[in-house]
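Asks: here you go, sequence then predicted model.
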Amino acid sequence: MQPETNVDTQEIIALEQKYVVQTYKRPPFVIERGDGCTLYDSDGHAYIDLVAGIAVNALGHGDRGVLGAIMSQASKLIHVSNLYHSEPQARLAGRLCQLSFADKAYFCNSGAEATEGAFKFARAWAKAKGEPDRVEIVAFTNAFHGRTFAALAATDREKYQAPFRPLLPGVRFAKFNDLDSAEQAIGDKTCAVIVEPVQGEGGIHVASDEFLAGLRRLCDRRGALLIFDEVQCGLGRTGALWAHQHCGVIPDMMTLAKPLGGGLPIGAVLVTQSVADAIHPGDHGTTFGGNALICAVAQAVLDRISEPEFLTAVSEKGAYLMERLHEMNSPHVLEIRGRGLMVGLELDMEANKIVQAGYGKGLILVNAGDKVLRMVPPLIISRQEIDITVERLTAILAEL
Ligand SMILES: Cc1ncc(COP(=O)(O)O)c(C=O)c1O
C-alpha cells in the first residue's frame, strides 16, 4: 500500500545538500515512514530494511512497545539531568546488571562515547591500583570503535584517521584473531584491551572462542582490563543477549549503544565493581546520558530482546538467512560469514554496487568495508521477508 505524502523529494534533497555538512553520500530518495521491516520513501516506494538504521532498530519500525514507552514516559518526564535521581535510569541500570556480568552501568549517548568512557575508566582504574604509567590501549586490525578522538585512534581504518592526525597517542594494534600478535602488544603499559566479539564495520568477522579466551588470560596475566565492544553485535543481534555468551568469556567492561534505545540515542558502559570503585563523583559525566525518556524506552527494548523465545527466533532466522544465502551459489560471493542476524557477504566486487542496485529492487542494504555486503536487519524480520530478500539479491547478482 502506498502511503500518502506531502514531501517534495527534490526539495528535501536540495535542502540537505545546501545546508547539511556533507559527511554522508546519500541515495536520491527520502525515507519518510517505516512499518515493521519495511521502509517507505516519499515517492511511495517500499523497501525491505536490511540495515535497521545500522543495527539500531532491532524491533523494527513503529513497534508498539517502543511507542507506548515513549508516550507514557514523555508525558511524565523527558529529561532532568544527571544531577538528580530519576527512576528510569536506576531501573535500566539494575536490569542491565542483572542480565550481565556487570555490577554497575554508566550511561552516555552513543557508541563512540561509550568507547571514550571505557578508556577513561581503564586509565582511572590503573591509577587507582598505583600504576599511573599504565595508559595504553590495545585494539585490533579491522576494529571500529567510533569517530571521536580516542575511539578513532582505536579504529583501524586509514580513511577515517588520515584527515585528523595527530591522533590520541598510546594505542597499539594487534592482529585480530591472532593471539601471538596480541601477546606481543599487551604489556606492562597496557591498561585495557578492546575487542568486538563480532567485528561489524570492519567486515563481519567473528572472533574465535580461543582468541577471546586467550585475550582474557593475557589481560589477567599482564594486569590489564578486557573490554568487549558490543555496540553492534550485542543486545540479541547474534542470537544471544550478549555476543560474548557464545564463548563464555567474561570481560571487565562492555560497551553498548545502537539498539538499546529503540532508535533513540543512548550508549552504556557496563563495568565490574573493581572498575566502578576507581570512579568518583565528578570524574566523568554528560548532560543527556541516561536521560529519563530514553532509559524508559530502553527498558522496554531490553525486556523484549532478552526474552528467551525472542533470542531463539533470532538464532533460527539467522541460520535460515545463512542457508538461503548459501543457496544463491553466486560466483560473485566469495564467503558468507557472521552470527545470528549479523551477516556479511564477501564479494568479488565493490559492495556498493549491490547496495545501489538494491534500491531499484526494493532492498535497503549497506556495506561493511569495500567488498563486504552487510545484513543487520531488524531482529523481527520474518522468514518470508528473508525469502524475498534472497530472491531480489539473487536477481541483482545475476544481472551484474
Ligand atoms: C562496534 C562499534 N563500536 C562503536 C561504534 C560507534 O558508535 P556510534 O556511531 O554510536 O558512535 C560503532 C558504530 O558503528 C560500532 O559498530
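Replies: In hand now; what should we look at?

Asks: distance of whatever residue of the chain ends up closest to the ligand relative to A395?
Replies: Nearest to the ligand in the chain, going by Cβ to the nearest ligand atom, is G111, at a distance of 2.1 Å. All C-beta atoms are positioned from the backbone trio N, CA, C, and that covers glycine. Relative to A395, G111 is positioned 34 Å away (Cβ to Cβ, to the nearest Å).

Asks: who has more neighbours out of those two?
Replies: G111 (30 against 11; other Cβ atoms under 10 Å).

Asks: now K76: closest residue in space, sequence neighbours ignored.
Replies: A292 (7.8 Å; Cβ to Cβ, 6 or more residues apart in numbering).

Asks: which residues touch that neighbour?
Replies: Q73, K76, L77, I78, H79, V80, S86, E87, P88, Q89 (Cβ atoms under 8 Å, 6 or more residues apart in numbering).

Asks: where does the fourth one land in three-state SS?
Replies: When the structure is reduced to helix, strand and coil (DSSP: H, G, I helix; E, B strand; the rest coil), I78 reads as coil.

Asks: so it touches I294, yeah?
Replies: No: the pair I78 / I294 is not scored as a contact, 9.2 Å apart, by Cβ atoms under 8 Å.

Asks: and the two? which has more neighbours close in?
Replies: The residue with more neighbours, out of I78 and I294, is I294; 29 against 13, by other Cβ under 10 Å.

Asks: what parts of the stretch 101-250 of the chain come near the ligand?
Replies: Residues of the stretch 101-250 of the chain lying close to the ligand (Cβ under 6 Å from any ligand atom) are 110-112, 115, 144-146, 196, 200-201, 229, 231-232.

Asks: which residues touch E346?
Replies: Contacts of E346 by Cβ under 8 Å, 6+ apart are G203, V333, L334, E335, I336, R337, K371, V372.

Asks: surely it forms part of a strand?
Replies: Yes: E346 sits within a strand when classified using three-state DSSP.

Asks: which one is it nearest to, not counting chain neighbours?
Replies: E335 (4.1 Å).

Asks: can you give me the helices for this structure?
Replies: Taking DSSP state H as the criterion, the chain carries its helices at 9-19, 52-55, 64-74, 87-98, 111-128, 149-153, 158-161, 179-185, 209-222, 273-276, 292-305, 308-328, 351-360, 383-399.

Asks: other SSEs contacting the third one?
Replies: Applying 3 or more Cβ pairs under 8 Å, 6 or more residues apart in numbering; DSSP states H and E, we find helix 64-74 packed against helix 292-305.

Asks: run the last query once more with 10 Å
Replies: helix 87-98, helix 292-305 (3 or more Cβ pairs under 10 Å, 6 or more residues apart in numbering; DSSP states H and E).

Asks: buried deepest among the ones you listed, which one?
Replies: helix 292-305 (a mean of 23; mean count of other Cβ atoms under 10 Å).

Asks: if we can go back for a sec, and of the helices and strands packed on helix 64-74, who's closest to R216?
Replies: helix 87-98 (20.1 Å; Cβ to Cβ).

Asks: can you give the distance of the closest one from its chain's centre?
Replies: How far helix 87-98 lies from its chain's middle: 20 Å, per Cα atoms, centre = their mean, to the nearest Å.

Asks: packing partners for it?
Replies: So helix 87-98, by 3+ Cβ pairs under 10 Å, 6+ apart, packs with helix 64-74, strand 104-108, strand 267-271, helix 292-305.

Asks: which one of the ones you listed lies nearest to L241?
Replies: Nearest of these to L241, taken as Cβ to Cβ: helix 292-305 at 6.9 Å.

Asks: what's the average pLDDT for the closest one?
Replies: In this model, helix 292-305 carries a mean pLDDT of 98.

Asks: anything in it near the ligand?
Replies: No: using Cβ under 6 Å from any ligand atom, we find that helix 292-305 stays clear of the ligand, coming within 13.2 Å at best.

Asks: restrict that helix to CA atoms and write it as PDB.
Replies: This file holds the C-alpha atoms of helix 292-305, laid out as PDB (Å, rounded to 0.1, in the frame of the first residue of the first chain):
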ATOM      1  CA  ALA A 292      14.600   9.600  31.600                       C
ATOM      2  CA  LEU A 293      12.800   9.200  28.300                       C
ATOM      3  CA  ILE A 294      15.400   7.100  26.600                       C
ATOM      4  CA  CYS A 295      16.000   4.900  29.700                       C
ATOM      5  CA  ALA A 296      12.300   4.100  29.900                       C
ATOM      6  CA  VAL A 297      12.300   3.100  26.200                       C
ATOM      7  CA  ALA A 298      15.500   1.100  26.700                       C
ATOM      8  CA  GLN A 299      13.800  -0.900  29.500                       C
ATOM      9  CA  ALA A 300      11.000  -1.800  27.100                       C
ATOM     10  CA  VAL A 301      13.600  -2.800  24.400                       C
ATOM     11  CA  LEU A 302      15.700  -4.800  26.800                       C
ATOM     12  CA  ASP A 303      12.700  -6.600  28.200                       C
ATOM     13  CA  ARG A 304      11.600  -7.800  24.700                       C
ATOM     14  CA  ILE A 305      15.100  -8.600  23.400                       C
END
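
Asks: what's the angle from that helix to helix 308-328?
Replies: 70 degrees (axes from the mean of the first three to the mean of the last three Cα atoms, to 10 degrees).
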